[in-house]
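**Q** any chance you could fold what I've pasted below:
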Amino acid sequence: MTAVVRISSVEKIYPLGKTQVHALSGIDMDIQEGEFTTIAGPSGCGKSTLLNLIGCMDVPTSGEVYIEGLPIAKLSDRELTKLRLEKLGFIFQSFNLIPVLTVFQNVEFPLLLQGRFSRAERQQKVTALLAEVDLTAQQGQRSSELSGGQRQRVAIARALVTGPRIVLADEPTANLDSATGERIIELMKTINRTHKTTFIFSTHDPQVMRQAGRIIRLKDGKVVTGQDS
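**A** As a prediction, this is how the structure comes out:
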């Protein structure tokens, strides 16, 4: 079976003045289709850097990152953009919603970027997803009028609307209270089971880690353990 994500001997080094920061050092891992995996560890351990590499928003200093067998370092900017639009979904801890757009418009936006669906098709896809995340009643509201948990549910719907194979979430519960955060993780797990979507998310919250199907722990830019929870 080909891993949906394969990371081979990856290092990421950032220059900082006259010194070098080794954000990731010799990372190796495979993530299979349908996994619900968390990248866990303290702040500064390399979680966000690793997600940025998997999300094709950065390239490794050395080593290779493969998405469905494609080596991202060898792809052109146009190919990377196409890969992000068609195979990847993103959920950010700060939500990254467009405040002047309604809930419906925020979720519809990735479909407009793809440019391959009719208005009726976009309507059907967005309406179905908003129902799945229980936001039908809020679809005409702007994101500034929503609670934190509602905004994160909008972000989840937006991440899923293109039918991505992989969804990446960077600390998806960081700005939420514990009860709301738990509901968000449960929603992600339900979507993972229903759609067979691969979820990879970062956290340093032990409560969130317990919900994962697999935990990959980082410390000082290295994998210290990869295990089933």
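**Q** in what helix or strand does the most centrally placed residue in the chain lie?
**A** Nearest to the mean C-alpha position of the chain, counting by Cα atoms, centre = their mean, stands residue 168 at 1.3 Å. Per DSSP states H and E, residue 168 falls inside strand 166-170.
**Q** tell me the mean pLDDT over whichever helix or strand comes after that strand?
**A** Downstream of strand 166-170, the next assigned helix or strand under DSSP H and E is helix 178-195. Confidence for helix 178-195, expressed as mean pLDDT, is 89.
**Q** which SSE is immediately downstream of helix 178-195?
**A** Counting by DSSP H and E, what follows helix 178-195 is strand 198-203.
**Q** buried ones in the helix or strand just after that following strand?
**A** Using DSSP H and E, the helix or strand that follows strand 198-203 towards the C-terminus is helix 206-209. Of the residues in helix 206-209, residue 208 count as buried by neighbour count, 16 or more other Cβ atoms under 10 Å. Quick note: C-beta positions are derived from backbone N, CA and C, even for glycine.
**Q** and for helix 206-209, what's in contact with it?
**A** Here helix 206-209 makes contact (Cβ atoms under 8 Å, 6 or more residues apart in numbering) with 38, 40, 173, 178, 181-182, 185, 201, 203, 215, 229.
**Q** may I see the buried residues of the next helix-or-strand element following that helix?
**A** Going down the chain from helix 206-209, the next helix or strand is strand 214-219, by DSSP H and E. For strand 214-219, a neighbour-count test (16+ other Cβ under 10 Å) marks 214-218 as buried.
**Q** repeat that for stretch 108-117.
**A** In stretch 108-117, counting by 16+ other Cβ under 10 Å, buried: 108-111, 117.
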